[in-house]
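In: Have a look at this prediction, sequence included:
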Amino acid sequence: MGKLGKSWKKIVAFLRPSDVSLKMDRRIQLVKTIVINIISLSIFVAVWWGLSEMLNSAFLPRPDIVFEAFIDSFQTVDITTGRTMWDNILTSSIRVAWGFALAFILAVPLGLMMGFSKTFESFSKPVVEVFRPIAPIAWAPLLLIAMGGIVGPIIVIFIGVFFPLLSNIIFGVRSIQPILMDAARTLGARRRDMFVKVIIPSTVPYIMTGIRIGLGIGWMCVVAAEFLGAIGGGVGQYVQFKTEVNRFDQVFAGLIVFSILGLSTTELSGWVERRVSKRMGLK
Amino acid sequence: MMLSIEGLRKSFPLEEGELVAIEDFTLEVEKGEFICILGPSGCGKTTILRIIAGLDTLSGGSISLNGKDIKGPGSDRGMVFQEFALFPWRSVRKNIEFGMELRKIPPKNRNEISQKLIELVGLRGFENSHPHELSGGMKQRVGIARALANEPEILLMDEPFGALDAQTRNLMQKELLRIWQETKKTIIFITHSVDEAVFLADRIVVMSERPGHITEIYKIPWERPRDRASMEFANLRKEILEKLEKMVKVD
């Protein structure tokens, strides 16, 4: 116990933030975080492994088998779909990009106007509020029949991205400090100048937050849209086909791909968001 | 007479009746004068400044600049805020050039003017810094330069050094006097520091609590820089302080 206790103390002392210097402190904190992250993921995989051994069910394949299917999906052309995972990722990404672009083009001017003009807000708010509570996925079956397997999924994603983006922009315009508007007015700003030189720039960080949240939702919507008969593949379609042919290892591989795609999009847009805010001297 | 305020009255409607914030405020300001408006909080001194700036409307009386009634903000009046109110996404230079951009001054001239102002307020080397990188004193230097960039006739300053620590505050007071003497602007300066007012002003306008009105005007003909340690400085400061204290006690 004595020896074990001593080395345990050493580990704790290493992990505990010391007061040597702030920079050192932060580095230790980072190492600590990474170590804990690795431990938590390992426990997760171990539990998964244990469960799949215990249940011995085809619905929950072992992690190593899923990993193999994951690697394989990128390397070989699939027999049922005729595509590699790369093709599916590309297809899904293009859908998300289109849906997102449409939402962005519409939500930014609309949000700025709704935040800025009381009259315009009173005019457009009822319509927006009627549509907002409807889950984007609820539109999917109708839109896929009405607009087809190519445009349909894009519109589903559009609906998903549009509302969080719009809310964030309106909130951004409302959050402007009144004193900045006062300052601009004393410097000779008229309504138009106020819009272009004060409201738009100070809303940029909120637009960035809207983009990050919107993209996350975009990835959720693409799954649903692709389940319901999108044309031309996609990761969602891959997951559905694989469920139908009982290849649950490949189903899980597809789920992991979704996780990676969503996570990297959010991280990337979060990084851009922080960069933009810093460059603009905000937050 | 440059700025003329005649029987100014400001009231806010309440559920029953109204709240009179300022009553019968009359003041004539000469060109180049340094006026300090002094009073307890809630006496409406900031409101008066905002009315002169055109940010608030008056409820009665009249106010004119060079014989023209004031209707809304204009570039003939520059304002400096206690909270600085700098545009955080703009660099020091871009903050200073804001008003000139609006007045469609060509970039080359803009640059020349802003460079001169940067030198005037002592910010050389910080042209491309953003407000969040500056100390409070430096931020207010930007605020002053930004207001001056429109070449206003009057500089309206709303407790501009209220958010600064004592040392920076004293330094900024000296800097402001230097800038005032170099630019020969008319300044209306709001403060609740008697010391600050006695140090800066040609005339101190003392206001009472709500409804705010002028109780006294002190003319200070002394030369600058004024010596805070002198007898006359101490005596005047004491006299005004006692007057203000009495006002608060009555309440």
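Out: Happy to help now that I have it. As the structure is a prediction and not an experimental result, all values here were calculated from the model.
In: after the helix or strand that A:P153 is a member of comes which helix or strand?
Out: Following DSSP states H and E, one finds A:P153 within helix A:136-174. Counting by DSSP H and E, the next helix or strand C-terminal to helix A:136-174 is helix A:178-186.
In: Tell me the first helix or strand C-terminal of that following helix.
Out: Going down the chain from helix A:178-186, the next helix or strand is helix A:191-193, by DSSP H and E.
In: Measure how far that next one is from the centre of its chain, please.
Out: Averaging C-alpha positions (C-alpha atoms, centre = their mean, to the nearest Å) puts helix A:191-193 35 Å from its chain's average.
In: just checking, what packs against it?
Out: Contact partners of helix A:191-193 among helices and strands, from 3 or more C-beta pairs under 8 Å, 6 or more residues apart in numbering or on different chains; DSSP states H and E: none. C-beta here means a position set from N, CA and C on the backbone, and glycine is covered the same way.
In: picking that back up, against which helices or strands is the helix holding A:P153 packed?
Out: helix A:85-116, helix A:118-131, helix A:200-227.
In: do the last one and chain B meet at all?
Out: To tie it back to what came earlier, the one meant is helix A:200-227. Yes: interface with chain B: helix A:200-227 contributes A:P201, A:S202, A:V204 (C-beta under 8 Å from any C-beta of the partner chain).
In: hmm, back to that, so which bits of the helix holding A:P153 are buried?
Out: A:136-137, A:139-140, A:143-144, A:149, A:152-170, A:172-173 (16 or more other C-beta atoms under 10 Å in any protein chain shown).
In: Stretch B:224-235 now?
Out: Quick answer for stretch B:224-235 (16+ other C-beta under 10 Å): B:R226, B:F233.
In: so the residue nearest to the spatial centre of chain B, which of the three states?
Out: In chain B, the centroid-proximal residue (C-alpha atoms, centre = their mean) is B:M157; its distance is 1.7 Å. Using DSSP: H, G, I helix; E, B strand; the rest coil, the structure places B:M157 in strand.
In: And the pLDDT at the residue in chain B positioned nearest to chain A?
Out: Closest residue of chain B to chain A, C-beta to the nearest C-beta: B:H130 (3.3 Å). On the pLDDT scale, B:H130 is placed at 91.
In: for chain B, which spans come out with low pLDDT?
Out: Scanning chain B for pLDDT under 70 picks out B:1, B:248-251.
In: max-length helix in it?
Out: Counting by DSSP state H, the longest helix found in chain B is helix B:231-250.
In: And the contacts of it?
Out: B:38-40, B:194-195, B:197-199, B:204, B:206, B:208-209, B:215-216, B:218, B:220, B:222, B:226-227 (C-beta atoms under 8 Å, 6 or more residues apart in numbering or on different chains).
In: Please identify the most buried of the helices and strands packed on helix A:136-174.
Out: Stretch with highest mean neighbour count among the helices and strands packed on helix A:136-174: helix A:200-227 (a mean of 23; mean count of other C-beta atoms under 10 Å in any protein chain shown).
In: helices or strands up against that helix?
Out: helix A:85-116, helix A:136-174, helix A:235-244, helix A:248-279.
In: What residues does B:A21 make contact with?
Out: So B:A21 contacts B:K10, B:S11, B:F12, B:G44, B:T47, B:R210, B:P211, B:G212 (C-beta under 8 Å, 6+ apart).
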